[in-house]
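Chemist: Turn this into a model:
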Amino acid sequence: MEVRVDARNISLPPGGARELSDRVARAFSQVESAVRHLHVVLKDINGPRGGRDKECVLHIALDGGGDLVITETRATAKRALMGAIHRGRRSVRREMRRRRGHRRAPQASLEWPALA
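Modeler: Here you go, the predicted structure:
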């Protein structure tokens, strides 16, 4: 699984991109077989004006085709990243279940007994 991290209008400390890449790879390690490529983009939407404006876009390329794009906006870049990771893992697991054909068991129907 290849992980790429880009920061736009956000300054990362030296080695920060590598650290984020490792964190994302660890977070997706349980579903690694289903993920071909992860691209993380961190952005500061409003620039120096502040506010709830840190956005994380997580683009997940699935093995066997298909893409998932998760966008999370929070007050800090860390919270946006953690929210996107959480939603991304859940989405990958859901897609894996769909592809395997696992569905919920049908609920028992409420049929009235036949009157004799």
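Chemist: Helices along this structure, start to end?
Modeler: For the chain, the helices defined by DSSP state H cover 16-27, 77-100.
Chemist: can you pull up the bridge partners for the nearest residue to T71 once chain neighbours are set aside?
Modeler: Sequence neighbours aside, V57 is the residue nearest to T71 in space, at 5.2 Å (criterion: C-beta to C-beta, 6 or more residues apart in numbering). Placement of C-beta: from N, CA and C, glycine included. V57 has these beta-bridge partners by DSSP bridges: V41, T71.
Chemist: Please give me every residue in contact with V57.
Modeler: By C-beta atoms under 8 Å, 6 or more residues apart in numbering, the contact list for V57 reads V40, V41, K43, V69, I70, T71, A84.
Chemist: tell me how far stretch 20-34 is from the chain's mean position?
Modeler: 10 Å (C-alpha atoms, centre = their mean, to the nearest Å).
Chemist: count of neighbours near V40?
Modeler: Using other C-beta atoms under 10 Å, V40 is surrounded by 24 other residues.
Chemist: what's the nearest residue to it if we skip its chain neighbours?
Modeler: V5 (4.7 Å).
Chemist: From L12, how far out is that neighbour?
Modeler: From V5 across to L12, the span is 8 Å (C-beta to C-beta, to the nearest Å).
Chemist: so what's the closest residue to R99 other than its chain neighbours scoring on pLDDT?
Modeler: Computed as C-beta to C-beta, 6+ apart, the closest residue to R99 that is not its neighbour in sequence is G64, at 7.2 Å. Here the pLDDT value assigned to G64 is 85.
Chemist: Neighbours of G64, how many?
Modeler: Neighbours of G64 using other C-beta under 10 Å come to 8.
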